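Engineer: Quick one: sequence and predicted model below, then my questions.
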Amino acid sequence: MFRTITVEREFGCGAAEIARQLASRLGWKLWDTTLTQEIAKLAGVDPKAVARCDEHVDSTFHRLGKVFWRGSYERSLPVRGIEAFDTDRMVTLIEDVIKNAAAVGNCVIVGRGAPYFLREHGDAFHVFLYAPRAEKLRRIIAGGHSEAEAEELLNTVDRDRIAFVKHYFKADWPTRALYHMMINTAIGDEQVISLITDTIHMLEGVPK
């Protein structure tokens, strides 16, 4: 019985809205922006700090600075009870949140390395969503961005995700062997949702 669905995605393919509709149809909890909020609460930082680290590897300058800081006498100074927040800290916290969410079950988790953290969980169903560039541009522009902004986002966001997965999971992105399904969202949101739910029902032997 599948109790968790992870939705990994190419930027701009409409995965956030598809995951929202999927969770609503199943009556399950959606972990997307709520993941950012939960991490911020646990870390005691502003959600914007988490968003800046989200699926993004810290810059070389920041990482070198952090190593210097840890190696200096100042590391013994009090930090008011809160660890410095960066991507390393975020990944540690998000692994705990994702695994706790999966333990409770009945949830849809969007991105944030979920299929990697839950790769050994037999009750997790993993989906990767993608789309042609023209379709992604259409969706991003429809979401309120200019064409130039959409082009820039398409050229950078997934590049950051590739680096994130390579750094933290030592894997290529997407890692195709992780997923039960890879779906082109150009077929339409409703068709994507139906494919996911129908496939889960088929695997579980449950009549539609």
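Structural biologist: Noted; the coordinates are in hand. Remember, predicted model here, so these are calculated numbers, not experimental data.

Engineer: show me where this structure has helices.
Structural biologist: All helices of the chain, identified by DSSP state H, fall at 15-26, 33-43, 47-53, 60-70, 87-104, 114-117, 133-142, 147-169, 189-204.

Engineer: export stretch 199-208 as PDB, just CAs?
Structural biologist: Taking C-alpha atoms only, stretch 199-208 is exported to PDB below (Å, rounded to 0.1, in the frame of the first residue of the first chain):
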ATOM      1  CA  THR A 199      -1.100   3.300 -11.800                       C
ATOM      2  CA  ILE A 200      -1.100   3.300  -8.000                       C
ATOM      3  CA  HIS A 201      -4.500   1.500  -8.000                       C
ATOM      4  CA  MET A 202      -3.300  -1.000 -10.500                       C
ATOM      5  CA  LEU A 203      -0.100  -1.800  -8.500                       C
ATOM      6  CA  GLU A 204      -2.100  -2.100  -5.300                       C
ATOM      7  CA  GLY A 205      -4.800  -4.200  -7.000                       C
ATOM      8  CA  VAL A 206      -7.500  -1.800  -6.000                       C
ATOM      9  CA  PRO A 207     -10.500  -1.300  -8.400                       C
ATOM     10  CA  LYS A 208     -10.800   2.300  -9.700                       C
END
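
Engineer: Could you pull out the buried residues of it?
Structural biologist: Of the residues in stretch 199-208, Thr199, Ile200 count as buried by neighbour count, 16 or more other C-beta atoms under 10 Å. For glycine as for every other residue, the C-beta is placed from the backbone atoms N, C-alpha and C.

Engineer: Same question for stretch 144-157.
Structural biologist: His145, Ala150, Leu153, Leu154, Val157.

Engineer: what comes into contact with that stretch?
Structural biologist: Phe11, Gly12, Arg133, Lys136, Leu137, Ile140, Ile141 (C-beta atoms under 8 Å, 6 or more residues apart in numbering).

Engineer: what does the average pLDDT come to for it?
Structural biologist: For stretch 144-157, mean pLDDT is 93.

Engineer: now do stretch 115-135
Structural biologist: The model assigns stretch 115-135 a mean pLDDT of 97.

Engineer: can you pull the buried residues of it?
Structural biologist: 115-118, 121, 124-131, 135.
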